[in-house]
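Asker: Below is the sequence, then the predicted model.
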Amino acid sequence: MTDTATYLYAVTRSEPSDEIEGLRGVAGTEVRTIACEDLLAYVSTVSLDDFGAEPLRRSMEDLDWLGETAGAHHHVVEEVADRTPVAPVRLVTVYRGDDQVKALLRDRHDDFVDVLSNVTGRREWGVKAYVDLSAPGPTQTAPSLGGPGTAYLKRRQAGLRSREDAWRQAAAHAERLHETLSSVAVASHRHRAQDPELSGRKEAMLLNGAYLVESSRDDEFLKTVDDLRDRGVEIELTGPWAPYSFTDLEVRGDG
């Protein structure tokens, strides 16, 4: 039984100049290619001591290992995407060997071709929108006919209504933002909003959107983002990226 496996990063259409010399991937391994028909897979040879099923189960609970591996994986994908249209695959997709990767390219050939045709000449941009719902809104003081307890309850109810109104207004703004950006993109996707622990921000995330944009319309998309910036809602733009959100192929590996 072999003590190595084949780690898959991404698939592209095969071109004569698609080799990338000196590129390193997960665990510092050298990145190479596997050709099959008119497709090319970018892979590394990895040790089963690190990337076998049982070691991976343990490692996926190690945040340091996971962050380092994800960074190396995405670095390879972005390097490839800078040269040619790419279909990235999910993190830690591992096969028993090169023959299994070739079988994947044969069996899913038409699926990969469709995906690559869809992303050719297009790039993914990310847009996140945040709002600080803890900021106090305007208050109005009116005479209270009750005692201190009644006054407290009225103030609390007014505060809750103000917070709910602020959330509804901000959410409506985010929806308009998404619709406007989608009109410039050829495809869009709303990811689940991250909680503050993941986003690293105290503000609530209202929008976590991905937009596939024709490269010729990048400037128009960026101007649209700038035009949509509004006081009270902060917009964060990232990219351009490889089209992770628009290459939805279920590729699971042998693990």
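Answerer: Perfect, thanks for sending it.
Asker: Please make it C-alpha for all contacts and neighbour counts, starting now.
Answerer: Will do.
Asker: Flag the shaky bits of the chain, pLDDT-wise.
Answerer: 1-2, 16-19, 134-163, 166, 197-198, 231-232, 251-255 (pLDDT under 70).
Asker: try 80 this time
Answerer: Residues of the chain meeting the criterion pLDDT under 80: 1-2, 15-20, 132-167, 169-170, 195-201, 230-233, 248-255.
Asker: ok, which stretches of it are strands?
Answerer: Per DSSP state E, the chain carries strands over the ranges 4-13, 31-36, 39-47, 86-95, 122-131, 187-190, 204-214, 233-241.
Asker: Who are the packing partners of the third one?
Answerer: The contact analysis (3 or more Cα pairs under 8 Å, 6 or more residues apart in numbering; DSSP states H and E) places strand 39-47 against strand 4-13, strand 31-36, helix 98-107.
Asker: can you redo the ones you listed as CSV with distance to Thr84 and mean neighbour count?
Answerer: As requested, the helices and strands packed on strand 39-47 are exported to CSV (distance: least, Cα to Cα, whole Å; neighbours: other Cα atoms under 10 Å):
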stretch, distance to Thr84, mean neighbour count
strand 4-13, 7, 24
strand 31-36, 14, 19
helix 98-107, 17, 17
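Asker: Quick one: closest of these to Gly239.
Answerer: strand 4-13 (18.5 Å; Cα to Cα).
Asker: What pairs with that closest one, parallel or antiparallel?
Answerer: According to DSSP bridges, strand 4-13 forms sheet pairs with strand 39-47 (antiparallel), strand 86-95 (antiparallel).
Asker: Please list the residues outside the first one that contact it.
Answerer: Contact partners of strand 39-47, identified using Cα atoms under 8 Å, 6 or more residues apart in numbering, comprise 3-14, 25-27, 29-35, 101, 105, 109.
Asker: between that strand and strand 31-36, how many degrees?
Answerer: If you take axes from the mean of the first three to the mean of the last three Cα atoms, to 10 degrees, strand 39-47 sits at 130 degrees to strand 31-36.
Asker: export strand 39-47 as CSV, just CAs?
Answerer: Written as CSV, here are the backbone C-alpha positions of strand 39-47 (Å, rounded to 0.1, in the frame of the first residue of the first chain):
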residue,chain,number,x,y,z
LEU,A,39,-8.0,19.2,-18.9
LEU,A,40,-5.1,19.8,-16.5
ALA,A,41,-5.2,19.1,-12.8
TYR,A,42,-2.9,21.0,-10.4
VAL,A,43,-1.7,18.6,-7.7
SER,A,44,0.9,17.8,-5.1
THR,A,45,2.2,14.5,-3.8
VAL,A,46,1.6,14.4,0.0
SER,A,47,2.3,12.0,2.8
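Asker: in the sheet, who's paired with Thr4?
Answerer: Beta-bridge partners for Thr4, by DSSP bridges, are Ser47.
Asker: which residues touch it?
Answerer: The contact partners of Thr4, taken as Cα under 8 Å, 6+ apart, are 45-48, 96-97.
Asker: Neighbour-wise, which one of those residues leads?
Answerer: Within those, neighbour counts (other Cα atoms under 10 Å) peak at Val46, which reaches 23 neighbours.
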